[in-house]
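Need the 3D shape of this:
(chains A, B, C and D)
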4 protein chains.
Amino acid sequence: MIKVAIFGGSGYTGFELLRILGNHHFVEVLTITSRQHKGCKIEEVFPGLNRLSKLAFEDHANSTSLQKADIIFSALPHHTSMEIVPNLIKNGKRVIDLSADFRLKDADIYEAWYGKHIAKGLLKKAVYGLSELYRDKIKHAELIANPGCYPTGAILALAPLLKAGIIDTDGIIIDSKSGISGAGRAASLDTSFAEVNEGFKAYKVGEHRHMPEIEQEISLIAGKDIKITFTPHLLPVNRGILSTIYTSIKSQKPAPAVSKQGSKAQGQKEMVFDTYKKYYNGEFFVRILPDGIYPNISQVKGSNFCDIGFKVDERTGRLIVITAIDNLVKGASGQAVQNMNIMLGIPETTGLVMPPLSV
Amino acid sequence: MIKVAIFGGSGYTGFELLRILGNHHFVEVLTITSRQHKGCKIEEVFPGLNRLSKLAFEDHANSTSLQKADIIFSALPHHTSMEIVPNLIKNGKRVIDLSADFRLKDADIYEAWYGKHIAKGLLKKAVYGLSELYRDKIKHAELIANPGCYPTGAILALAPLLKAGIIDTDGIIIDSKSGISGAGRAASLDTSFAEVNEGFKAYKVGEHRHMPEIEQEISLIAGKDIKITFTPHLLPVNRGILSTIYTSIKSQKPAPAVSKQGSKAQGQKEMVFDTYKKYYNGEFFVRILPDGIYPNISQVKGSNFCDIGFKVDERTGRLIVITAIDNLVKGASGQAVQNMNIMLGIPETTGLVMPPLSV
Amino acid sequence: MIKVAIFGGSGYTGFELLRILGNHHFVEVLTITSRQHKGCKIEEVFPGLNRLSKLAFEDHANSTSLQKADIIFSALPHHTSMEIVPNLIKNGKRVIDLSADFRLKDADIYEAWYGKHIAKGLLKKAVYGLSELYRDKIKHAELIANPGCYPTGAILALAPLLKAGIIDTDGIIIDSKSGISGAGRAASLDTSFAEVNEGFKAYKVGEHRHMPEIEQEISLIAGKDIKITFTPHLLPVNRGILSTIYTSIKSQKPAPAVSKQGSKAQGQKEMVFDTYKKYYNGEFFVRILPDGIYPNISQVKGSNFCDIGFKVDERTGRLIVITAIDNLVKGASGQAVQNMNIMLGIPETTGLVMPPLSV
Amino acid sequence: MIKVAIFGGSGYTGFELLRILGNHHFVEVLTITSRQHKGCKIEEVFPGLNRLSKLAFEDHANSTSLQKADIIFSALPHHTSMEIVPNLIKNGKRVIDLSADFRLKDADIYEAWYGKHIAKGLLKKAVYGLSELYRDKIKHAELIANPGCYPTGAILALAPLLKAGIIDTDGIIIDSKSGISGAGRAASLDTSFAEVNEGFKAYKVGEHRHMPEIEQEISLIAGKDIKITFTPHLLPVNRGILSTIYTSIKSQKPAPAVSKQGSKAQGQKEMVFDTYKKYYNGEFFVRILPDGIYPNISQVKGSNFCDIGFKVDERTGRLIVITAIDNLVKGASGQAVQNMNIMLGIPETTGLVMPPLSV
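Residues are numbered from 1 along each chain as shown, chains lettered A, B, ... in the order given. Have a look, this model is predicted:
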């Protein structure tokens, strides 16, 4: 049995780690920490896990558990994570960090968006844990920077197109809509039921911290600096992120072989579909939807899938790509477990073949 | 008392007309028709209106009521409306039609999107009932084509910018999110609670019938043909449309006088704000939000307001405009009553100063 | 114009008072206070009221406004209210208090449920503001103790039956379900969106503070001590309370005249219906539903109505009464305005003929 | 591998069977039928199951599949099920029927509530599939009548109390609240999003078909005829049933040993708790909650758990029991799989240790 420890596990990502790892045949959770809930049994904080876990929250992972742990998940908030992770790494632990602390390669960018960084030395070592893109590096990583929820869906949608060089790198717009659990579990008027229910709004327009993370990753893929327009919105649902991405198919590309139907849009449609199919060939968790079918967050809820659909709009020359994930699963804890599986060399889908709770 | 008749009133727009007109001091509803519910008392179809209306649904408006009616609201579906309206007009009635039948000036475009038109002669006569833009024409109109729900918010947001010529007419993207009542009251698996709740999806991407309507109107304002990218989405809420509109401030414009803060974005921000404030000066139902505040559909729910906020994104040169309305009020029945007020020369806000039910 | 002041107006009941009084033709709100939001414009706290109110929150009502005020609404929390109200009364103001501080006649009971009372002298003076039951006393009251949300619907449902003496006073069960706004506006994990949405639970079973309030009032009506079983539940909706009340028709009553249909249940049904119709004859805000129709909170949402439906269950001899109100309107601010209208001798429905926002 | 066939699988219980059986290590689904969707791939009807199932819907199960099937789940509606099941039984198949057709032992009662029964001969043979109560009979059953959703939670809550003889059998009230999926997947105005959302109502008060089913089962347990009062309500959530059950602890019982705390209620509380703990000792899927903790449907969502909490109300002598299940899992497909496991002699929790999706 692989032994894991979870730091800072009393939030929604902690719940998800327990939910997923509880059905993972090769894993035992040795310890879970929470300063706020130390001493509480799991079911006092997460009543749904009654009977499914015998753990209690500890203030700090006790040293015995820690010593035995093969993998450590850190679900601590940013800034807190960077205080704890360096020591774990120094002690030879492999860490999957769900905070933002090690995602941005450039310390200056981190500090511009999040404030002071006190463990810059680890930024180089950290592997960005987008499983489908960085599987090889993840395999041998000591420290995984598990991707943000918005970036996960957006990058998975853009990567194949940028890699294939078939879209313009200028003018990309990402219009994202996220369920409330993305804001975390701390009580706040902004996430109070009566304030959110039957509402819908944009927030932090062009100013969200996941913007530089997306830009870093798609720039790396494209091999050039890309600036995006990013507008997050708050959906009155528990889970799910749907991003509607606007881009254009490169006009200077040699015209794709015109299909039997003959229209330019048809040819482009096939080109885009083929690009996705090829790029994600064999990837269990990425589902490319057929023509005319668009993702719905309800169809990924509770699962580790990322659904991608698209539309070539012949009238305007735009390519509209739509992507849906469960922000707590593929956008956080599910991908963290996927990365753990990769690190351990066990089948990547272990514990993660969870059908969505569509209804 | 002004006397009105409502045709096809058993859907959500019919309910809204009754809800609003019930508090309109100058209006009496003489008759309301519904083929499906003929003979039913209002409260049998709309239990909430128990005690507030003594009407019963009639199959056809009886001729006495009809003769006495000053204004007729048609809440019939498209195609049905065009069968009935011509005769009403011929009999000297003034009609406010909430269907799509008379919105598109070009019969060919109508037929491409909706199918055969059998009352083309009225297309010229019909006035597009966006109250703030066409007040003068509405005043004397015989036939009002009440705007679609998506177009209302989108056009109100774009008109001032296009009129002032400060944005590019190319590349406009409208990413819209609508509550379920926009799909009407007919039972369908697509709008069943368990199918929609906790879900979110795009639909009819680049293929929604409100697209040509928006294009017609903004092209008229800009004085040139505009093609837009339009992506509607379905929100799991009862009411409300929020549209996030992406455009760019014209680069060839003489640079706006740089503000005290000095940045280019700051100057652009002031220019956009001033453009809106000037255009909507004195307009009760359009609220331009201050810097950093974005609309929320909950803040217009049940009201006739259209809220508009925006962001100048200096990094990418984009202007992002966000607009929110209640699709059943400003997007349908509220605007219809506003148009009636204009037609009758009574204060435009009569019966419409309804605070939103924000919570 | 009647001049009013609102104390502690930044919560949901404060919002509702502004929403309702904004459409009240005889009232001007002079001042509104909020310690937390002092200095903020109304629309900074309640964006939906942008353009509808020019007020700003004050720390304390300034003395000039206070001197001019005819009526003072206190929406302060319990314990805070009793610190402020005595002085207002001493200065000759008429006060409508929305807190629990003056609802319970017996100071000992208050202190058992809420803690120390420091203004016991006012308990005798305070009139319990259930408008339909205490209209005559309300007319001349100096201090109104506006009823709690759960008690309002429950007492309105039980009063006619108890008054007529047709039900057993033993064994009454009230199973209530309330929307989240009933918990107030303060941020708390218990009312966080993701914790509440898609959930449903009972809370404070047999221990809710509204239980002694209900018992006090129904005991007064019945002329004997009544103990009830009261189970509140939390509904994942913004507004509305539905209470399902279980009681039994007295067996010792002389058998009601058997109706034409002849069954005992039919006779009892008619007796109950008549009892309600007679008791609430002429009451605008109480709607007795016909046979087989049960209330739905959506049909009272945003309105001051209390809907009552019932079922005589012949198999078990039970009478099941179901009642629905909007907890923020008839259950709080709407009833407060109704009481104000009564106190001022103006038509009781002034400002309160608001159709529900059923959809 | 155990081979199963699913009849009538395009509704919500069909989806759940696929969702659950997809993670059941010993089972292979050979065929699934749907008249309406014949020929459609699974993911065309249930997009969330894309990649998780290779099946397509068949009009009728083809005879080869049928011949190979060890177990047949019938998710057909009542009346349709009784047309098909007899032939399956005759051909030696073991059938788990999720309809109401074989739940009521007394054909007259069936016909009074559901209409004509054409397979009365099977009523005796059918085993009522409440797993925890009838495990021994289920083991060898040819035909399982899988319990209704309301009855499952209610009977599990009442059985231990009735078996122990500690509650009055008269006057039991079951106040139930169900999520919308309980109404099935067919489109209807009654289950349309905008009609249901933000609403809450009772329906079929004292007239719901699950009432005789509950009465049959609890009468059997108590060894005497019991009549209940049953009020179902519709909750605006996808999944979950919470039932609040009112009963009384028998006064003629010899007083329970007074606990250390000394109060009578404390003694009763311990008696009730012990009764439950003893009855459900070793039962994985029934969780008895500690004092002061009440069930929440969100804590069982997606899982096969039945949570039970209770309150002894000393003031009124009542015992209030609250029970929560997921109507589609323990209330339908989950319990069906649990029954299958029992029938096959494999570990009863196989495929069913699904943690709830509490958020």
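
in the stretch 201-350 of chain A, which spans are helices?
Remark: helices assigned in the stretch 201-350 of chain A by DSSP state H, counting those that start in this stretch are A:210-222, A:264-279, A:334-344.

How about the second one, which residues are buried there?
Counting neighbours by 16 or more other CB atoms under 10 Å in any protein chain shown, one finds that the buried residues in helix A:264-279 are A:265-273, A:275-276, A:279. To be clear about C-beta, it is placed using only N, CA and C from the backbone, and glycine gets the same treatment.

Least reliable of the helices of the stretch 201-350 of chain A by average pLDDT, please.
Among those, helix A:264-279 has the lowest mean pLDDT, at a mean of 94.

for that helix, packing partners?
Here helix A:264-279 touches helix A:149-163, strand A:286-288, strand A:306-313, going by 3 or more CB pairs under 8 Å, 6 or more residues apart in numbering or on different chains; DSSP states H and E.

Can you tell me which residues in chain A are near chain C?
Selection of chain A residues close to chain C by CB under 8 Å from any CB of the partner chain yields A:12, A:179-181, A:185-189, A:191-194, A:196-198, A:236-238.

Mark which of the residues you listed are buried, thanks.
The neighbour-count test (16+ other CB under 10 Å) marks A:12, A:179-181, A:185, A:187, A:191-194, A:196-198, A:236-238 as buried among the residues of chain A next to chain C.

Please list the members of the residues you listed that lie in helices.
A:12, A:193-194, A:196 (DSSP state H).

Just give me the closest of these to D:Gly223.
Proximity to D:Gly223 was ranked across these by CB to CB; first place goes to A:Phe193, at 45.9 Å.

so which helix or strand takes in A:Glu28?
Per DSSP states H and E, A:Glu28 falls inside strand A:27-33.

buried sites along the following helix or strand past that strand?
Tracing the chain past strand A:27-33, the next element assigned as helix or strand by DSSP H and E is helix A:42-45. Neighbour-count burial for helix A:42-45, with 16+ other CB under 10 Å as criterion, is recorded at A:42-43, A:45.

and if you look at stretch A:344-359?
Across stretch A:344-359, burial judged by 16+ other CB under 10 Å covers A:344, A:346, A:348, A:350-359.

May I see those organised as TSV, with distance to chain B added?
Formatted as TSV, the buried residues of stretch A:344-359 follow (distance: CB to the nearest CB, whole Å):
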residue	distance to chain B
A:Leu344	33
A:Ile346	32
A:Glu348	28
A:Thr350	27
A:Gly351	24
A:Leu352	21
A:Val353	22
A:Met354	16
A:Pro355	15
A:Pro356	11
A:Leu357	9
A:Ser358	8
A:Val359	5
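
Among the residues you listed, which ones lie close to chain D?
Cross-checking those against chain D (CB under 8 Å from any CB) gives A:353-359 as the overlapping residues.

Rebuild those residues as CSV, extending it with secondary structure.
Below are those laid out as CSV (DSSP: H, G, I helix; E, B strand; the rest coil):
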residue, secondary structure
A:Val353, coil
A:Met354, coil
A:Pro355, coil
A:Pro356, coil
A:Leu357, coil
A:Ser358, coil
A:Val359, coil
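
Dump the one helix or strand A:Asp175 maps to to CSV, keeping only the CA atoms.
Counting by DSSP H and E, the element that carries A:Asp175 is strand A:173-178. In CSV, the C-alpha atoms belonging to strand A:173-178 read as follows (Å, rounded to 0.1, in the frame of the first residue of the first chain):
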residue,chain,number,x,y,z
ILE,A,173,-10.4,35.2,-25.3
ILE,A,174,-11.4,32.9,-22.5
ASP,A,175,-14.8,33.5,-21.0
SER,A,176,-15.1,31.2,-18.0
LYS,A,177,-17.9,30.3,-15.7
SER,A,178,-17.2,28.5,-12.4
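
Would it count as contacting chain D?
No. Judged by CB under 8 Å from any CB, strand A:173-178 stays clear of chain D, getting no closer than 13.7 Å.

Just the closest residue of the stretch 201-350 of chain A to chain D, please.
Residue of the stretch 201-350 of chain A nearest chain D, by CB to the nearest CB: A:Gln299 (4.1 Å).

Tell me the spacing between that residue and A:Asp307.
To A:Asp307, A:Gln299 is 6 Å away according to CB to CB, to the nearest Å.

just to revisit the earlier point, so which of the buried residues of stretch A:344-359 is the closest to C:Cys149?
Out of these, the member with the shortest distance to C:Cys149 (by CB to CB) is A:Val359, at 32.3 Å.

okay, the closest one: pLDDT?
Here the pLDDT value assigned to A:Val359 is 96.

Make a markdown table out of the helices and strands packed on helix A:264-279 and add mean pLDDT.
Shown next, in a markdown table, are the helices and strands packed on helix A:264-279 (pLDDT from 0 to 100):
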| stretch | mean pLDDT |
| --- | --- |
| helix A:149-163 | 98 |
| strand A:286-288 | 98 |
| strand A:306-313 | 98 |
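
Distance check, the single nearest residue of the stretch 251-359 of chain A relative to chain C against A:Ala145.
Closest to chain C within the stretch 251-359 of chain A is A:Leu328: 9.7 Å, counting by CB to the nearest CB. For A:Leu328, the distance to A:Ala145 equals 18 Å [CB to CB].

now A:Ala336
Going from A:Ala336 to A:Ala145 by CB to CB gives 11 Å.

Give me the common contacts of those two.
The contact sets of A:Ala336 and A:Ala145 overlap at A:Gly129 (CB atoms under 8 Å, 6 or more residues apart in numbering or on different chains).

All set, thanks.
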